[in-house]
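# sharing a sequence plus its predicted fold:
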Amino acid sequence: DAGVIQSPRHEVTEMGQEVTLRCKPISGHNSLFWYRQTMMRGLELLIYFNNNVPIDDSGMPEDRFSAKMPNASFSTLKIQPSEPRDSAVYFCASSLFGGNEQYFGPGTRLTVT
Amino acid sequence: EDKVVQSPLSLVVHEGDTVTLNCSYEVTNFRSLLWYKQEKKAPTFLFMLTSSGIEKKSGRLSSILDKKELFSILNITATQTGDSAIYLCAGGNSGGSNYKLTFGKGTLLTVNP
């Protein structure tokens, strides 16, 4: 299996621009999680989906953040407009529904200048 | 609010030393305790523990869970420079359709030759 796939791996953008991060979960996994990791706050859960349905988005920091999962093999996390404080590594992870064992993608390192 | 606390925050040892990393948790509807290793990329899964007192082992790494004291430890014997990484502990819950992980801030382990 290819594992969780994320793109892009690195993104550098200017403040105010729209950023879209993409994730393909492991085939057969029906839960998908978006995390943000910074030195200060560690690994934080932003939102997760079960069977393509958002279950808990309480970790999404502001209305500037949105996430979608149009089908079982694709999800996006969008930031619009981006700000310098959004700079972080964003991870996508997937698991089988009902299981706690999550597998992480390689992450997207976002830098907003 | 669920909480996972790891100690120490960082640790420097010499090759061949044995280390013990600590993790305490307060997780609603607790079901499992997970350990991940993070080098310069994504967290990779090490162990998942669900029962007290049963040690899990993988080579030089072992872990045990105490559900009464809400505590887990990760032991690494005969450390090698390749063990240098951030070790993350996470508490997993279960409840309805809610199966998410709460991560600690991690322990940064540096193994010097």
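Right, received. Where do you want to start? Residues are numbered from 1 along each chain as shown, chains lettered A, B, ... in the order given.

# so the closest residue to chain A within chain B is in which element?
Nearest to chain A in chain B, going by CB to the nearest CB, is B:Gly92, at a distance of 3.1 Å. Yep, even glycine has a C-beta here, placed from its N, CA and C like the rest. Per DSSP states H and E: B:Gly92 is located in strand B:85-93.

# give me the contacts around that strand.
Applying CB atoms under 8 Å, 6 or more residues apart in numbering or on different chains, the contact partners of strand B:85-93 are A:43, A:100, B:2, B:4, B:6, B:21, B:23, B:25-39, B:43, B:46, B:48, B:72, B:74, B:99-104, B:106-109.

# show me what the residue of chain B closest to chain A is bridged to.
Here B:Gly92 sits in beta bridges with B:Ser32, B:Leu101, as judged by DSSP bridges.

# just A:Gln6 next, same as before
Beta-bridge pairing for A:Gln6 (DSSP bridges): A:Cys23.

# for it, what are its contacts?
A:Gln6 sits next to A:Leu21, A:Arg22, A:Cys23, A:Lys24, A:Tyr90, A:Phe91, A:Cys92, A:Gly105, A:Pro106, A:Gly107, A:Thr108 when contact means CB under 8 Å, 6+ apart.

# tell me the contacts of residue 73?
Using chain A. A:Lys24, A:Pro25, A:Ser27.

# not quite, go with chain B.
B:Ile73 makes contact with B:Thr20, B:Leu21, B:Asn22, B:Cys23, B:Ser63, B:Ile64 under the criterion CB under 8 Å, 6+ apart.

# swap the cut-off to 7 Å and go again
Contacts for B:Ile73 were tallied using CB atoms under 7 Å, 6 or more residues apart in numbering or on different chains; they are B:Thr20, B:Leu21, B:Asn22, B:Ser63, B:Ile64.
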